[in-house]
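K.L.:
Need a 3D model of the following:
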Amino acid sequence: MKKLIERFSSLVKGTLSGFDRIVFKGLILPLMSAKEVMRFCAAKGVLNKNYKLWMMRQSEKLVQAATTYAIENCGHGITPISTWRTRKEELAHDRQKKEQIEKGLIGVWSCMETAFSYRAHFSKNVGYPQLQNYTTRCKHLYFYYDHQQYGFMNIRLQTWFPYHIQICLNGREWLRRCLERQGIEFLAKGNKFLHISDYLKAQNYLDQQLNVRFADILNGFVSLVFPMAKDVLGPHLSYYWTMWQSEWATDLIFTSPKDLNSISDSLLRHAHMTGTSTKVLRYLDRPLTTTGRPDARCKNQVQTRITDFNDGVRIRHWVDRNSVKIYNEQNVIRVETTINDPRKFKAHRHKQGQLHDDKPKKLLPLRKGVMDIALRAKVSQEVNNRFMDDLSTLRDEKPAGDLIHEITERLTKNGRRYRGLDVTGKDLDFLILLSKPELRISGFTNQMLRPCLAETAFGAKKTERQLSSKTSRYLKLLRIHGIIKKLPKQNRYQLTLKGVRLTLTLTAFLAASTEQLIKMAA
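P.N.:
Purely as a prediction, here's the structure:
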């Protein structure tokens, strides 16, 4: 991170690192087992065969309590939504803007969605109904707030037993409220700060978010949306909280959009060019061999997606369910790590259940529980740092002519001569095909290339077998010239950095107008 900031120190006026979107899920662990639920019902005097009747009564009371709460706090009852595909956040923002709601409850919406619950099923083994878990659909309530301390947030509550709950906060919204209370001037767009009068204090407020007792905060929200929890569940059951998803963002805030635009294209292109699967695995802390290659036993799936994002472009690298991305908006460049599966990362911590802290910490997988939030933040920042350190090597002064000259020369290897590449002639179609983003990052095989090559002059009038043989010969030629490399123990190939530079050079050359090329030559 420091390298990138130093690289553009004359253009960057401030930086921020901290949580963006964070999603917590609350479960009542003893009620995740059908056997324990039957014990719970027995303690309440509810027979298994009467479970559904009892459960529906509690759900009616919950919905009625939520309706009363909504009317008293925002003047609206529960608004039903016909499909789960509707973006509830947009509905909340529209109502907030229309009614000029500055703080408090914005509204409550309901929707039928997939849920985990229980039902009675007759068991021949015991001769009476037993409870079993199953996946169903039931009403969920969405509470949207612009909270006076945490900013824009939402809570999702399942109205059927065992009442799973999801709470979504945003670290940048939380920071916005802190800055307002302290009277620090700022300019924000959505969850991005375009300007802050005191970046050091803002960063301190983000750092303080890691020191709060999240379980206490989340339990406080439960009492708002589920006030009858103690009556239904009893005094001894409580929610166990996990951080289901986290986004940790590092923002580089430039003096103006013009300053950022002068480098954003090159920076994003460089992020794409250097985003080989080996480097993406390294960014996201997956194991590599001592030679820096993916381990042959590695089963991780690497993907890269390039999409338009607001007024900029977003490049996102995925390894299984975790990702790191970069995108630009206004005068902000953001690098953001999203963790959905923390077990893929390791950190030094004590074993769960360890009674004494005097024993040394061990390198163990991260947990989803809120006790590992500080470790998750540390790991996420390390991912951002690795990604940004590679971005700091942006400049490549090697003339394109040197690269072209190198690959058009004949080579001799193991006593055998190989022709040079004809980059503007018969080899052009093949090289342009390899520049496709989906092939550049995840790699390619002979079989993957053939359908596209069949539509070009390269594959014209060739049978499937002839095209396969010709493709194999070209792949070997490209390996000899160092344009591609074969992944270990796979019939899959990947562009080398040299190959990425060549394909990008050809793509840029073909996309440029004659006038642009003349200006560059001048």
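K.L.:
for the stretch 1-150 of the chain, what spans make up the helices?
P.N.:
Ranges of helices in the stretch 1-150 of the chain, per DSSP state H, counting those that start in this stretch, are 2-7, 34-43, 51-74, 88-99.
K.L.:
List of residues touching the last one?
P.N.:
Contacting residues not belonging to helix 88-99 are listed as T79, I81, I101, I106, G107, W109, C111, Y142, Y144, D146, F152, N154 [Cβ atoms under 8 Å, 6 or more residues apart in numbering]. In short, each C-beta sits where N, CA and C put it, glycine included.
K.L.:
Which ones among those residues lie within strands?
P.N.:
Among those, DSSP state E puts T79, I106, G107, W109, C111, Y142, Y144, D146, F152, N154 in strands.
K.L.:
By neighbour count, sort out the buried ones in those.
P.N.:
Neighbour counting with 16 or more other Cβ atoms under 10 Å marks I106, G107, W109, C111, Y142, Y144, D146, F152, N154 as buried within these.
K.L.:
Would you map the helices across the stretch 201-350 of the chain?
P.N.:
Going by DSSP H, counting those that start in this stretch, the stretch 201-350 of the chain shows helices at 214-225, 229-233, 257-273, 277-283.
K.L.:
just these: most buried one?
P.N.:
Among those, helix 277-283 has the highest mean neighbour count (mean count of other Cβ atoms under 10 Å), at a mean of 22.
K.L.:
What does the pLDDT read for L394?
P.N.:
pLDDT recorded at L394 is 58.
K.L.:
Oops, could you answer that again for R293 instead?
P.N.:
R293 is assigned a pLDDT of 65 by the prediction.
K.L.:
is it possible to export the helices of the stretch 1-150 of the chain to a markdown table including mean pLDDT and mean neighbour count?
P.N.:
Putting the helices of the stretch 1-150 of the chain into a markdown table (pLDDT from 0 to 100; neighbours: other Cβ atoms under 10 Å) gives the following:
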| stretch | mean pLDDT | mean neighbour count |
| --- | --- | --- |
| helix 2-7 | 70 | 15 |
| helix 34-43 | 94 | 15 |
| helix 51-74 | 95 | 16 |
| helix 88-99 | 94 | 14 |
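K.L.:
out of those helices, nearest to Y199?
P.N.:
Taking Cβ to Cβ, helix 2-7 is the member of the helices of the stretch 1-150 of the chain nearest to Y199, at 11.9 Å.
K.L.:
what residues are up against W241?
P.N.:
Contact analysis of W241 by Cβ under 8 Å, 6+ apart lists F24, K25, G26, F214, A215, L218, G369, V370.
K.L.:
Oops, could you answer that again for G459 instead?
P.N.:
Contacts of G459 by Cβ under 8 Å, 6+ apart are R450, L453, L467, K470.
K.L.:
ok, now E336?
P.N.:
Contacts of E336 by Cβ under 8 Å, 6+ apart are D20, E247, W248, A249, T250, V324, K325, I326, N384.
K.L.:
Identify those among these that sit within strands.
P.N.:
D20, E247, W248, A249, T250, V324, K325, I326.
K.L.:
Low-confidence stretches in the stretch 301-450 of the chain?
P.N.:
309-312, 354-357, 393-398, 437-442 (pLDDT under 70).
K.L.:
Any chance of JSON lines for the contacts of W241, columns distance to Q303?
P.N.:
As requested, those are exported to JSON lines (distance: Cβ to Cβ, whole Å):
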{"residue": "F24", "distance to Q303": "27"}
{"residue": "K25", "distance to Q303": "25"}
{"residue": "G26", "distance to Q303": "31"}
{"residue": "F214", "distance to Q303": "31"}
{"residue": "A215", "distance to Q303": "35"}
{"residue": "L218", "distance to Q303": "32"}
{"residue": "G369", "distance to Q303": "28"}
{"residue": "V370", "distance to Q303": "29"}
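K.L.:
List just the nearest of these to K35.
P.N.:
Using Cβ to Cβ, the contacts of W241 come closest to K35 at G26, 21.4 Å.
K.L.:
what pLDDT does the closest one get?
P.N.:
According to the prediction, G26 has pLDDT 96.
K.L.:
and it, how many residues sit next to it?
P.N.:
Around G26 there are 23 other residues, counting by other Cβ atoms under 10 Å.
K.L.:
residue contacts, the residue nearest to the spatial centre of the chain?
P.N.:
In the chain, the centroid-proximal residue (Cα atoms, centre = their mean) is T338; its distance is 3.4 Å. T338 makes contacts with Q245, S246, E247, N322, S323, V324, K325, as judged by Cβ under 8 Å, 6+ apart.
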